[in-house]
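Asks: Next come a sequence and a model predicted from it.
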Amino acid sequence: MSKSSFEEVLEKYGRLVYTNSGDSMLPFIHEKRDILIIEKPKGRLKKYDVPLYKRDSGQYVLHRILKVRAHDYVICGDNRINKEYGITDRHIIGVLKAVNRKGKMIYCSDRRYKIYVHLWCDLFCIRYLILKTKYIFKRIKTG
């Protein structure tokens, strides 16, 4: 069986279903546990959308849009404090529509999901402090 790229699957079926690896979208998306439903984007994405994009290095990334600018997006993982700049529409291959967690669907259009997103993204300075403190304690613990 040949392995298809994310782009090929999205082009053929219009939808990609997979589990992620990595912790950059915690606490919302859990590595190798949650099932992600990604669809082809329809036009320009909006603030808080979660695009699947491919960096120029070839690495696939799933992070959240914090700001839409004229020619690119400012993007950051929910479990990250460093923002990424220069991601354009040519990099984006899909957008998260829903997450299946333990058999329960969480849609990106759900009101509770939107509350989480607004709190976690709009209060970026608080997130920064929480994550920075977490990283410092982790460093101290591992010595």
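Replies: That came through fine.
Asks: For the helix ranked longest in the chain, what does the pLDDT average out to?
Replies: The longest helix of the chain (DSSP state H) is helix 124-142. The pLDDT scores in helix 124-142 average 84.
Asks: Repeat that for stretch 98-115.
Replies: Mean pLDDT, stretch 98-115: 96.
Asks: Break down the chain into its helices, ranges please.
Replies: Ranges of helices in the chain, per DSSP H, are 6-13, 111-122, 124-142.
Asks: Next up, phi/psi of the closest residue to Leu131 other than its chain neighbours, please.
Replies: Excluding the flanking residues, the one nearest Leu131 by C-beta to C-beta, 6 or more residues apart in numbering is Ile81, at 5.1 Å. Bear in mind the C-beta positions are built from the backbone N, C-alpha and C, glycine included. Backbone torsions of Ile81, given as degrees, to the nearest 10, read phi -120, psi -10.
Asks: Neighbours of Ile81, how many?
Replies: When neighbours are defined as other C-beta atoms under 10 Å, Ile81 has 15 of them.
Asks: got it, and Ile87?
Replies: 21.
Asks: What residues are recorded as beta-bridge partners of it?
Replies: For Ile87, the beta-bridge partners are Tyr73 (DSSP bridges).
Asks: ok, it to Val17 distance?
Replies: Plainly put, Ile87 is 23 Å away from Val17 if you go by C-beta to C-beta, to the nearest Å.
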